[in-house]
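Visitor: I need the structure of the sequence given here:
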Amino acid sequence: MTSFLLFAALLVALAVYSRGDEDSHEYQPNEAITLWVNTIGPYHNPQETYPYYSLPYCTPEHGIKTSHKALGIGEVLEGNHLQNSGFKLHFKQNVNREDVCDLVLDADKVSAFEMAVDRQYWYELFLDDLPMWGMVGEVLRDETHGKMEKHIFTHRSLSIAYSGNRIIEVNLTSENPVSIEAGRKLEFTYSVNWMETGRTFESRFDRYLEYDFFEHRIHWFSVFNSFMMVIFLCGLVALILLRTLRNDFAKYAKDEDVDVEGLHVIGEDTGWKQVHGDVFRAPENLVIFGALLGTGWQLATLVLGVILYAIAGPYLHGNMYEDRGEMVSTFIVCFALSSFVAGYTSGSYYRQFFTGARAEQNSQWQQCMALTILLLPTLVGAVTLVLNIIAVYYDSVSAIPMSVALKIFAIWAFVSVPLAIVGTISGRHLTPKYDPPCRVNSIPRPIPSGPWYCEPSFVVPAAGVLPFGSIFIEMYFIFTAFWSYKFYYVYGFMLLVYCILALVTISTTIVAVYFVLNAENYHWHWVSFGCAASSSAYVFLYSIFYFVYKTQMSGLLQVCFYFGYMFLFSAVLGLICGAIGVWGASVFVHKIYRHVKVD
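Guide: From the prediction side, this is the model:
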């Protein structure tokens with residue numbers, strides 16, 4: 001088992017993190033350096049990106065379109081498309097003004113560049129893995145015609161700082177705006193200025209981090225506010241366990257002493273004890289429930305692993321934001337390896353309701369295993385397929401190439417699926433025999449109608465408010481980092497909020513399950529999952545608010561990508577919270593019924 005897991009980890013790491021060339025980031029004087037052009041697209045539409053030369057820029061003969069940088073899976077999935085710019089750069093060698101190429105504007109080129117200026121197109125360049133950004137053009141006042149006209153920048157000034165034999169900082173300035181007119185000849189040029197700096201190589205990405213934004217007092221206050229919410233909810237749960245339940249136990253003990261014609265009357269009153277014979281009954285649609293539970297715990301493990309890997313970055317492998325595609329690659333690796341958790345959880349949970357050989361004859365554990373394996377990949381694959389079709393229609397770089405899709409499928413088929421199967425078999429045979437605190441009745445008890453505030457239709461959506469309230473500030477920072485070109489680096493905050501979310505989810509779910517059981521509704525499994533997962537619905541609603549009021553996105557492609565990604569994000573969050581909530585409710589239910597004496 002151990003050797004198989006190590007082999008699987010090595011296989012996935014080689015497939016995901018392999019790159020065409022690994023630079024040492026060290027250069028000799030006058031050594032040639034490649035300036036890579038990446039993507040171009042509207043500033044307000046992060047996913048609407050196109051190859052740089054999709055605009056009719058003139059292309060210098062040196063290296064264009066014949067030299068592409070080999071990219072890893074994560075880099076491709078992030079939408080990178082690196083091409084050699086053709087600019088002749090050499091280490092420590094200044095360039096005063098070098099011609100790139102000339103371009104005569106015709107009607108088609110004028111239309112393309114005017115559209116790019118109207119939609120605020122910008123592009124990304126990379127030099128020694130350091131990003132730079134520049135605008136295609138700008139609307140400026142033309143003094144010749146005395147009116148506002150669209151201009152295109154024809155000169156690029158590169159300012160490069162170095163320390164020793166390494167590049168520390170790069171800056172791009174777009175200059176020499178020229179009005180866009182049919183028949184005009186554009187002369188594209190560039191210049192390079194090298195300067196020495198005392199900054200260290202290890203700190204060269206610090207200038208991209210927005211400390212004032214991510215470490216604002218509001219961020220700290222939100223974490224403190226969430227922490228106080230955890231204390232309040234934990235106190236509420238303790239009140240239920242220590243006072244309310246104690247009163248319940250005292251009441252039931254008193255009822256058991258009442259003798260009516262020689263019979264002990266058990267629970268003539270209403271309450272959670274009345275369903276002791278049904279509360280440990282298998283939930284309806286056990287196959288689906290087991291698959292949801294297994295997938296939820298897999299995702300919970302995956303997210304925790306990614307956060308811890310990111311936190312350990314400065315000490316082990318470098319900061320996550322320094323390498324293109326590393327975050328996506330890490331998610332793929334952790335998903336493949338955590339498939340064992342999904343199989344083990346679903347297999348062990350399903351097995352506990354079929355303890356005897358006769359019961360095993362009616363078991364559908366194979367279907368539960370198959371659904372666990374297929375559930376999340378099917379959901380992600382369906383959404384990705386739709387988005388990919390749209391991206392292909394728009395000729396966007398966001399479209400996933402077939403070669404990358406086949407690599408991802410191979411990782412899933414040859415690593416994820418076997419690990420899930422091994423996990424299922426391990427869960428079925430290694431977990432001890434399940435012994436519920438109370439015997440399950442052969443005939444299900446009818447569920448009476450209860451108060452409106454104990455109905456699942458009210459409890460489920462109401463229970464999601466507090467967990468969402470504990471994370472919505474962090475959601476703002478995460479959304480802004482993802483949709484507004486910011487480098488997210490405060491993974492310590494994320495870990496703390498993740499733990500707070502888990503505690504708040506468990507606490508609210510326990511309270512909700514207590515109310516439902518008091519109404520003599522023993523279907524607490526699905527209720528607990530729904531209560532915990534309902535916070536994801538509020539996250540999706542918040543994403544709609546964020547889209548309307550915090551972004552300026554437009555166009556079918558960007559809108560579809562935004563809501564497609566937000567749907568997947570909310571679904572994943574719902575599965576994680578649902579699994580955590582079911583675990584907390586299960587511990588609570590087993591705890592209270594273990595202390596009930598039933599004749």
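Visitor: what kind of secondary structure is residue 159 in?
Guide: Residue 159 carries the three-state label strand when classified by DSSP: H, G, I helix; E, B strand; the rest coil.
Visitor: roughly how far does it sit from residue 173?
Guide: The gap separating residue 159 from residue 173 is 7 Å, by Cβ to Cβ, to the nearest Å. The way it works is simple: take the backbone N, C-alpha and C, and place the C-beta from them, glycine included.
Visitor: and for residue 306?
Guide: 37 Å.
Visitor: what about the two, which has more around it?
Guide: In this view residue 306 and residue 173 are compared by other Cβ atoms under 10 Å, and residue 306 has more residues nearby, 19 against 13.
Visitor: got the buried residues for the helix or strand hosting that one?
Guide: Assigned by DSSP states H and E, residue 306 falls within helix 286-311. Neighbour-count burial for helix 286-311 flags 286-287, 289-307, 309-310 (criterion: 16 or more other Cβ atoms under 10 Å).
Visitor: quick one: mean pLDDT for it?
Guide: For helix 286-311, the mean per-residue pLDDT is 96.
Visitor: for residue 97, which three-state class applies?
Guide: Once three-state DSSP is applied, residue 97 turns out strand.
Visitor: look up how far residue 444 lies from it.
Guide: Counting by Cβ to Cβ, the gap from residue 97 to residue 444 is 85 Å.
Visitor: repeat that for residue 136.
Guide: 68 Å.
Visitor: who's more crowded, those two?
Guide: Of the pair residue 136 and residue 444, residue 136 is the one with more neighbours under other Cβ under 10 Å, namely 24 against 12.
Visitor: contact partners for that one?
Guide: 40, 55, 113, 116-117, 121-123, 152-153 (Cβ atoms under 8 Å, 6 or more residues apart in numbering).
Visitor: cool, residue 89 as well?
Guide: Counted by Cβ under 8 Å, 6+ apart, residue 89 has contacts 32-35, 95, 127, 158, 192.
Visitor: and the residues you listed, which are buried?
Guide: 33-35, 95, 127, 158, 192.
Visitor: can you show me the helices along the stretch 1-150 of the chain?
Guide: 2-17, 73-77, 107-118 (DSSP state H, counting those that start in this stretch).
Visitor: for the stretch 201-350 of the chain, same thing?
Guide: Using DSSP H, counting those that start in this stretch, the helices found in the stretch 201-350 of the chain span residues 211-214, 217-239, 245-256, 286-311, 326-337, 339-351.
Visitor: export the ones you listed to JSON lines and append columns for distance to residue 167.
Guide: Listed next are the helices of the stretch 201-350 of the chain as JSON lines, based on distance: least, Cβ to Cβ, whole Å:
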{"stretch": "helix 211-214", "distance to residue 167": "23"}
{"stretch": "helix 217-239", "distance to residue 167": "32"}
{"stretch": "helix 245-256", "distance to residue 167": "65"}
{"stretch": "helix 286-311", "distance to residue 167": "25"}
{"stretch": "helix 326-337", "distance to residue 167": "20"}
{"stretch": "helix 339-351", "distance to residue 167": "40"}
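Visitor: tell me, which of those helices is the model least confident about?
Guide: helix 245-256 (a mean of 63).
Visitor: quick check: which ranges of the chain have low pLDDT?
Guide: Residues of the chain that meet the criterion pLDDT under 70 lie in 1-23, 61-67, 145, 241, 243-245, 247-270, 356-361, 596-599.
Visitor: which parts of it are strands?
Guide: Assigned by DSSP state E, the chain shows strands spanning 32-33, 35-42, 50-51, 83-84, 89-90, 95-104, 121-127, 130-135, 137-142, 147-163, 166-179, 185-196, 259-260, 263-264.
Visitor: follow-up on the earlier one: reformat the buried ones among the contacts of residue 89 as CSV; add distance to residue 567.
Guide: Converted to CSV, the buried ones among the contacts of residue 89 look like this (distance: Cβ to Cβ, whole Å):
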residue, distance to residue 567
33, 42
34, 39
35, 38
95, 48
127, 37
158, 41
192, 45
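Visitor: greatest separation within the residues you listed: which pair is it?
Guide: Maximum pairwise distance among those (Cβ to Cβ): 14.8 Å, between 34 and 95.
Visitor: name the nearest residue to residue 526, sequence neighbours excluded.
Guide: Residue nearest to residue 526 in three dimensions, not counting chain neighbours: residue 283, with 5.8 Å by Cβ to Cβ, 6 or more residues apart in numbering.
Visitor: give me every residue that touches the one you found.
Guide: 289, 523, 525-526.
Visitor: likewise residue 543?
Guide: Neighbours of residue 543 in contact, by Cβ under 8 Å, 6+ apart: 479, 562-563, 566, 569-570.
Visitor: measure it to residue 568 for me?
Guide: 11 Å.
Visitor: try residue 110
Guide: With distances taken as Cβ to Cβ, residue 110 is found 40 Å from residue 568.
Visitor: got it, and residue 204?
Guide: Distance from residue 204 to residue 568, by Cβ to Cβ: 33 Å.
Visitor: go on, residue 131?
Guide: Taking Cβ to Cβ, one finds residue 131 at 26 Å from residue 568.
Visitor: okay, now the spatially closest residue to residue 464 that is not a sequence neighbour: neighbour count?
Guide: Leaving aside its chain neighbours, residue 464 sits nearest to residue 534 (3.1 Å; criterion: Cβ to Cβ, 6+ apart). For residue 534, the neighbour count with other Cβ under 10 Å is 25.
Visitor: before we move on, the earlier item: quick check: neighbours shared by residue 159 and residue 173?
Guide: What both residue 159 and residue 173 touch, as defined by Cβ under 8 Å, 6+ apart, is an empty set.
Visitor: in contact with the closest residue to residue 214 other than its chain neighbours, which residues?
Guide: Distances taken as Cβ to Cβ, 6+ apart put residue 490 closest to residue 214, at 4.9 Å, once the chain neighbours are dropped. Residues in contact with residue 490, defined by Cβ under 8 Å, 6+ apart, are 214-215, 219, 477.
Visitor: any chance of those in a markdown table, plus neighbour count and distance to residue 581?
Guide: Below are those laid out as a markdown table (neighbours: other Cβ atoms under 10 Å; distance: Cβ to Cβ, whole Å):
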| residue | neighbour count | distance to residue 581 |
| --- | --- | --- |
| 214 | 17 | 29 |
| 215 | 14 | 31 |
| 219 | 18 | 26 |
| 477 | 21 | 24 |
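Visitor: pick the one among these closest to residue 49.
Guide: residue 477 (23.2 Å).
Visitor: quick one: the closest one from residue 208, how far?
Guide: Taken as Cβ to Cβ, the span from residue 477 to residue 208 is 16 Å.
Visitor: next, the contact list for the residue nearest to residue 464, please.
Guide: Residue 534 neighbours (Cβ under 8 Å, 6+ apart): 460-461, 463-464, 574.
Visitor: and the gap between it and residue 229?
Guide: 17 Å.
Visitor: longest helix anywhere in the protein?
Guide: helix 556-594 (DSSP state H).
Visitor: give me the angle between that one and strand 35-42.
Guide: For helix 556-594 against strand 35-42, the angle by axes from the mean of the first three to the mean of the last three Cα atoms, to 10 degrees is 90 degrees.
Visitor: return the list of helices and strands in contact with helix 556-594.
Guide: Here helix 556-594 is seen to pack against helix 286-311, helix 365-393, helix 491-518, helix 524-533, helix 535-550 when contacts are counted using 3 or more Cβ pairs under 8 Å, 6 or more residues apart in numbering; DSSP states H and E.
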